[in-house]
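Q: Quick one, structure for this:
(one chain, ligands or ions: 2)
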Amino acid sequence: MTQSLDLFPTPPETAQTNAPAPAAEEVARLRACLHRWAHQYYVQDAPEVPDAEYDRVYQRLQALESEHPELVTPNSPTQRVIGAVMDGLAPVRHAVPMLSIRTETDVTAAGAEKFEQQLRSYLATEQKRAERGERPALCPLALEVVAGAPIGYVAEPKFDGLAMSLRYENGLLVQAATRGDGEVGEDVTHNIRTIRQIPLVLPAGVPPVLEVRGEVYMARADFDRLNQEQRARGQKTFVNPRNAAAGAVRQLDAGITAQRPLRFFAYGVGEVAPLAQGTPHWQSHYGLLQTLKSWGFPVAEQVQPVVGAEALVAFHQCVGQQRDQLPYDIDGVVYKVDDLVLQQELGFKTREPRWAVAHKYPAQEMMTLVEGIDIQVGRTGKLTPVARLAPVFVGGVTVTNATLHNLFELRRKKVRVGDQVIVRRAGDVIPEVVGVVPPVVSPAGDGAWIARQPYVANFRMPTACPVCGSAVVREPGETEYRCTGGLFCPAQRKEAILHFAARRAMDIEGLGGKLVDQLVDAGIVHTLPDLYRLGLTALVALERMAEKSAQNILAALEQSKQTTLPRFLFALGIRHVGESTAKDLARHFGRLDAIMDATVEQLLQVNDVGPVVAQSIRLFFDQPHHREVVEQLRACGLAWPEGAPSERALQPLAGQTIVLTGTLPTLSRDAAKDMLEAAGAKVSGSVSKKTSYVVAGAEAGSKLTKAQELGVPVLDEAGLLALLAQQP
Ligand SMILES: NC(=O)c1ccc[n+]([C@@H]2O[C@H](COP(=O)([O-])OP(=O)(O)OC[C@H]3O[C@@H](n4cnc5c(N)ncnc54)[C@H](O)[C@@H]3O)[C@@H](O)[C@H]2O)c1
Ligand SMILES: [Zn+2]
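A: Ligands and ions are numbered 1, 2, ... in the order given. Predicted coordinates for the structure are as follows:
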């Protein structure tokens, strides 16, 4: 039952007033929101608001409904599991419904105690009913619990993926289905077969019909890799691993699913046909999980049988501490009554079992306001747009900044100042903006609507580095903008020094990350030449620096002064100039000054140097600051043997294409051609935009006309000779 899409609630006229809406009106509005969001979440796998926002509105609806029971309707999101079958996937009716789990809203330790109290009080009430003859007697364990016996539980992580029911008949996987609305899910067998962790065949002795229930998820590292790839291709990124996993599972084409790294954890069963009539396979939930494990299903290692609410609290804390380091997202833990007979006694309430509860952790995604967009310059010169945020508690910390990754992603997500956005912080990953919450979709806490600012100019990337003022460039085909002041930009200082000192560059032993941090942070070293001005006093004044090590470093610096041109070139950290390009450049030009002054065309003559590399070298030496650094380094005594340029470098016309036409006064066509080719030019028969010059003699025809049309410079014989006389 797919919900229609026109559920976008229209904000009431009284949009920004604080007058409390009459309950019925507010209930209708909250339901419309929840239906819309559930559709986006379950059907489109593209949530528009963070879960925390969905939960907030959900809880508000629950509160209103309990205040006004007359407003409760059977299709309220609080009364049924929401979900739907996607077009193209076949519906599957679940033999045993796939339900939801109640979330304990009290996230403090008291949450677990409340759960236990609820279990006891429910059973006590049932016992009274049994005493009045309103129901059969309770099972012995239930009676013990009513009398105060401790309750045994299984505590499990609550995986943030999507629920899956795997149906095995006679040990073979025959069907995999999503939860859907709990009654009817979607057939995704073709996709689930691509998940390696899911066994297709079970060992002998399994029940003839067995439905294994569990969670399909994507590990965080796999998710980050997937998004990085998407980002690099300029394609849509996924909001979170859950969303990426759900999207992958609900593909029509299993080929796409197979490319997405999905995993699985088992946490229960649906229909199970017993091997022999009347002999249940398991007495406890924990026993059930152990058996599933022995049959080849992954079961999370944290899963633990525990006794009493206190142990649940301890489990919640313990897993909470591991949460950031876990390889996958969890949004809480689940407590389940272990004894299966007791579970049955407790039964279900509308859409949730009474014997289980979810106890959550602080949300990893929250909604907040973008107050500004700043530019951060990274250690390698990359410019990253960063959203300045209204402080928000997410993933356990207060976040005020979140990365927007790059300009293209920012534009694709349409993030502007004044927007409400979803911020994600999971594990140790830096917080990021994963999407914009469209305006006017969410009732704020006071019932008013959150609206977008009427007009905000689009964000633009600066043309000069905000840290050092150097030019900012983006190479063709790249998504990143970069500061070109590598040797000069304070943001890149540490990286530049570390690269300079590296073994394969200047090989300055002892000048590692910690020392560079100290030297730069103390303001002792600003640019590379400062290294060679270091004295013993300055070094030993640093924390944890013994005189002996200081002397060693000074000696290493002194020793590094005698170097080679390739090493020095590589050490400068020019983008795209690695060791081998540095060698090629040195061999080709012989001298540093020749490289610093080479035109792009001349650089293109070097082995393996393409337009991007040539442009990068040119840009580097076009910065006066960089030339200054080089001069200062030479003044400090850095020296290397220089050699003669290679033959190719001596060709003044290398890289140029020349067309000869008509009869020249003294030179024959062949003589002119030989001279040009000796100087490195290519002689071509036809004129195009790429032609460098047309040399025209008497009775030049269509080629001359074409050159004039295209604006290609035309030379006579004298002009040609002058061109050949140029120095390389
Ligand atoms: N962002 C949105 O727009 C949006 C919209 C709808 C729903 N949601 C989110 O979806 C959730 C809705 O709750 P729900 O009813 O779908 O279920 P739920 O996610 O709260 O709990 C039930 C589910 O938990 C999963 N689960 C994970 N580990 C488990 C374990 N160890 N044992 C048993 N089950 C386990 C199962 O998939 C099961 O279906 C809320 O967190 C809500 O915020 C978000
Ligand atoms: Zn800069």
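Q: Which residue ranges of the stretch 251-400 of the chain form helices?
A: Per DSSP state H, counting those that start in this stretch, the stretch 251-400 of the chain carries helices over the ranges 254-259, 285-294, 309-322, 340-346.
Q: helices or strands up against the shortest one?
A: Looking back up the chat, that one is helix 254-259. For helix 254-259, the contact count by 3 or more Cβ pairs under 8 Å, 6 or more residues apart in numbering; DSSP states H and E identifies helix 189-192, helix 241-249 as packing neighbours. For glycine as for every other residue, the C-beta is placed from the backbone atoms N, C-alpha and C.
Q: Can you give the contact residues for it?
A: Helix 254-259 is contacted from outside by 190, 191, 193, 194, 248, 249, 251, using Cβ atoms under 8 Å, 6 or more residues apart in numbering.
Q: Please tell me the pLDDT value assigned to the second one.
A: Here the pLDDT value assigned to residue 191 is 95.
Q: Spit out the contact partners of it.
A: If you count contacts by Cβ under 8 Å, 6+ apart, then residue 191 has 176, 248, 249, 250, 251, 254, 257 around it.
Q: hmm, 10 Å instead?
A: Residue 191 makes contact with 89, 176, 178, 216, 248-258, 260, 262 under the criterion Cβ atoms under 10 Å, 6 or more residues apart in numbering.
Q: Buried subset of the residues you listed, written for PyMOL?
A: Burial among the contacts of residue 191 is assessed by 16 or more other Cβ atoms under 10 Å; the matching PyMOL selection reads:
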select buried, resi 89+176+178+216+248+249+250+251+257+258+260+262
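Q: Would you confirm that residue 470 contacts residue 486?
A: Yes - using Cβ atoms under 10 Å, residue 470 is in contact with residue 486, at 8.4 Å.
Q: Compare those two and say which is more crowded by neighbours.
A: Neighbour totals were compared for residue 470 and residue 486, and residue 486 leads with 26 against 23 (other Cβ atoms under 10 Å).
Q: for that one, what are its contacts?
A: The neighbours of residue 486, taking Cβ under 10 Å, 6+ apart as the test, are 380-381, 468, 470, 492-493, 495-496, 499, 572-575, 619-620, 623, 625-626, 629.
Q: picking that back up, turn the helices of the stretch 251-400 of the chain into TSV, columns for mean pLDDT.
A: What follows is those, written out as TSV (pLDDT from 0 to 100):
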stretch	mean pLDDT
helix 254-259	91
helix 285-294	96
helix 309-322	95
helix 340-346	96
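Q: Is it possible to get a markdown table of the helices and strands packed on helix 254-259 that adds distance to ligand 2?
A: Shown next, in a markdown table, are the helices and strands packed on helix 254-259 (distance: least, Cβ to the ion, whole Å):
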| stretch | distance to ligand 2 |
| --- | --- |
| helix 189-192 | 47 |
| helix 241-249 | 35 |
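Q: and of these, who's closest to ligand 1?
A: Closest approach to ligand 1 among those (Cβ to the nearest ligand atom): helix 241-249, 8.7 Å.
Q: ok, and what's touching stretch 457-467?
A: So stretch 457-467 is contacted by 370, 372-377, 381, 383, 385, 387, 404, 406-407, 410-411, 414-417, 469-474, 481-485, 488-493 (Cβ under 10 Å, 6+ apart).
Q: that older thread, show me the common contact partners of residue 470 and residue 486, please.
A: Residues touching both residue 470 and residue 486 (Cβ under 10 Å, 6+ apart) are 381, 492, 619, 623, 625, 626.
Q: What is the neighbour count of residue 678?
A: Around residue 678 there are 11 other residues, counting by other Cβ under 10 Å.
Q: distance of the nearest residue to it once chain neighbours are set aside from ligand 2?
A: In this structure, residue 678 finds its nearest non-sequential neighbour in residue 651, 7.8 Å apart by Cβ to Cβ, 6 or more residues apart in numbering. Per Cβ to the ion, to the nearest Å, residue 651 is found 37 Å from ligand 2.
Q: Report pLDDT for residue 651.
A: What the model reports as pLDDT for residue 651 is 77.
Q: Might you report the residue contacts of the nearest residue to residue 597 once chain neighbours are set aside?
A: Distances taken as Cβ to Cβ, 6+ apart place residue 621 nearest to residue 597, at 7.7 Å, with adjacent residues excluded. Applying Cβ under 10 Å, 6+ apart, we find residue 621 in contact with 572, 574, 592, 593, 595, 596, 597, 598, 627, 630.
Q: Put together JSON lines for these, with secondary structure, distance to residue 687 and neighbour count on each row.
A: Shown next, in JSON lines, are the contacts of residue 621 (DSSP: H, G, I helix; E, B strand; the rest coil; distance: Cβ to Cβ, whole Å; neighbours: other Cβ atoms under 10 Å):
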{"residue": "572", "secondary structure": "coil", "distance to residue 687": "40", "neighbour count": "24"}
{"residue": "574", "secondary structure": "coil", "distance to residue 687": "36", "neighbour count": "24"}
{"residue": "592", "secondary structure": "helix", "distance to residue 687": "38", "neighbour count": "19"}
{"residue": "593", "secondary structure": "helix", "distance to residue 687": "36", "neighbour count": "12"}
{"residue": "595", "secondary structure": "helix", "distance to residue 687": "33", "neighbour count": "22"}
{"residue": "596", "secondary structure": "helix", "distance to residue 687": "34", "neighbour count": "16"}
{"residue": "597", "secondary structure": "helix", "distance to residue 687": "31", "neighbour count": "12"}
{"residue": "598", "secondary structure": "coil", "distance to residue 687": "28", "neighbour count": "23"}
{"residue": "627", "secondary structure": "helix", "distance to residue 687": "38", "neighbour count": "14"}
{"residue": "630", "secondary structure": "helix", "distance to residue 687": "41", "neighbour count": "20"}
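Q: Residue 129: which of these is nearest?
A: residue 574 (82.3 Å; Cβ to Cβ).
Q: Pull the contacting residues for that closest one.
A: Counting by Cβ under 10 Å, 6+ apart, residue 574 touches 484, 486-487, 581-582, 585, 595, 613, 616-621, 626.
Q: These also near ligand 2: which ones?
A: Among these, proximity to ligand 2 is found for none (Cβ under 5 Å from the ion).
Q: quick one: residue 141 from ligand 2, how far?
A: Shown here: residue 141 relative to ligand 2, a distance of 70 Å by Cβ to the ion.
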